[in-house]
Structure formats: C-alpha cells, structure tokens
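S.K.: Sequence below, structure please.
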Amino acid sequence: MPTKNNSNVALPARMDLAENAFADLTVAVLMFPFASEVQNLCKDMQQVLRQKDPIRFPYRQLNNGLLACSSTLTYGFEYLETIDCISQYRALAVSKYHLLENIPTPEQIHDLIFAWAQTWTRQYLNKKKGNKDEIETVCDRFLDAIENIPEDWQWQYIEPDTLIEDINCNNGLGYQAIPSLLATLLHEKTITIQLKDKEQEITWRKVQGGSSSKTGLHLVSYPVKANYI
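M.R.: Numbers count the residues shown, from 1 in each chain. Predicted structure coming up:
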C-alpha cells in the first residue's frame, strides 16, 4: 500500500475481459528448425579451434534482424525448452486476422536465417586461429545442412481462447501471448483521463521492445504534458 512518502506507487487492479474480445485476433508460433545443426556447429568449431570455452550461438543477432524486418513479430526465436540435449527455440506472432498476410513466410525467414548463418561462419574463416581447412569444412557442412527449407515447416496457429482457458498450454505460451494480445487490441485506441475539470486524451500504440527475459509487444503513448507549481 502507498504511504505518505510513497504516494506514486501503481497498484494492481482486478478486471474482467469482455467476452469475445480476442475474436478478431490470432496467435502463431514457429519453431526454429535448425537447432541441432547450430549446436553441432558450436561443438565442432570448439574442437577445431581447440579452445576450452564453448562456442555461443548468436540468436540475439538473428532475432534483432527478424524484428527489424517484420513489425508483426512479437519476438524472434527465443529459448523454449531442451529436448534430448538440444535447445529448442520458438518465434511468436500476434496479429489481427486481416493482417495475417503481413506475417513473414517461412521462406522469407529462411532467407534471413541463411544470411545470418553466412555472417556467423564468416567470422571464423577470417580468424588466424586454428587450421583454415578444418574451419572451412565445418562451416561448409553447417551451411549445406541448413541451405534447404525443411518439409512441413509452417506457422502453427492457435486460438486465443485456448490460451485463456489454459495459460500453461504450449509450454506456458499464454504468459507471452496474452499481454501481446492486449497490446494489439489496444493499439491506436484512445482513452480520456479526467481529473476534476481537466481532461487528458491518451492514444496507445504498440511497440516492440525488451523485457526482463524476452522481447515483446508493449503499449506506449505520446509524451503527456504535466504542469507543476
């Protein structure tokens, strides 16, 4: 509870969601198809370079590129879970049905993944450390393995009601998707805040931004003027 010395604390409010509020919205997820190939490259490159520290895969670099190219993505390929010692990554998109065509296709995403892979491997080819032929073999093997789009690699669409009924389904997808659904729902909506005889209109818009663990959708307004005596 706020005290006299801490009167600007925002308290949580309980609310009910209007029925069918998400009727025009959809959620789509896409798994990263080359998780095994990426980990093999990291393992092989560590051996070729004969270094003790493990090679890190630059997923953040890939995700930044995805978000820069597509404003419809909620976030890129973020860590999901580990299956058989292979780290799995999943992308998320939240959109209105009539904007589904704006979600990047798997073919478009694959083009960016391959460009990212070429940039990533090029740095090892330019290193003076290690045997150049061995490094080139590892890089070529990796690029050959991810050159073609996997069969049946498509976006999976999920009804928002499914996530509301069970927020933990699909590995807790609701925790990321529902806030983004709300942000999409309120995008370009205007509210009026009234204090005594003064009114202030606020128009919300959704933006992509970083949170504590994942990049996601957030609501922002234009700067609100405030006068103090």
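
S.K.: what about the longest helix in this protein?
M.R.: The single longest helix within the chain, with elements called by DSSP state H, is helix 106-125.

S.K.: Now that one: buried residues?
M.R.: Neighbour-count burial for helix 106-125 flags 106, 109, 110, 112, 113, 114, 116, 117, 120, 121, 124 (criterion: 16 or more other CB atoms under 10 Å). From N, CA and C alone the C-beta is placed, and that goes for glycine too.

S.K.: any idea how far the first one lies from residue 78?
M.R.: Same thing as residue 106. Distance of residue 106 to residue 78, given as CB to CB, to the nearest Å: 17 Å.

S.K.: cool, the fifth one as well?
M.R.: Noted for residue 113: a distance of 15 Å to residue 78, by CB to CB.

S.K.: can you check the third one too?
M.R.: Separation of residue 110 from residue 78 (CB to CB) stands at 18 Å.

S.K.: Residue 205 bridge partners, please.
M.R.: residue 220 (DSSP bridges).

S.K.: Can you give me the neighbour number for it?
M.R.: Under the neighbour criterion other CB atoms under 10 Å, residue 205 is assigned a count of 14.

S.K.: same question, residue 48
M.R.: By other CB under 10 Å, 21 other residues sit near residue 48.

S.K.: what's the answer for residue 61, then?
M.R.: For residue 61, the count of nearby residues is 13 (other CB under 10 Å).

S.K.: helix, strand or coil for the most centrally placed residue in the chain?
M.R.: The centroid of the chain falls nearest to residue 75 when counting by CA atoms, centre = their mean (1.3 Å). Using DSSP: H, G, I helix; E, B strand; the rest coil, the structure places residue 75 in strand.

S.K.: Surely it and residue 94 touch.
M.R.: No: using CB atoms under 8 Å as the test, residue 75 is too far from residue 94 to be in contact (9.9 Å).

S.K.: List the residues that contact residue 45.
M.R.: 55, 124, 135, 138 (CB atoms under 8 Å, 6 or more residues apart in numbering).

S.K.: going on from whichever strand or helix holds it, what's the next piece of helix or strand?
M.R.: In the assignment (DSSP states H and E), residue 45 maps to helix 35-49. Next helix or strand after helix 35-49 toward the C-terminus (DSSP H and E): helix 59-69.
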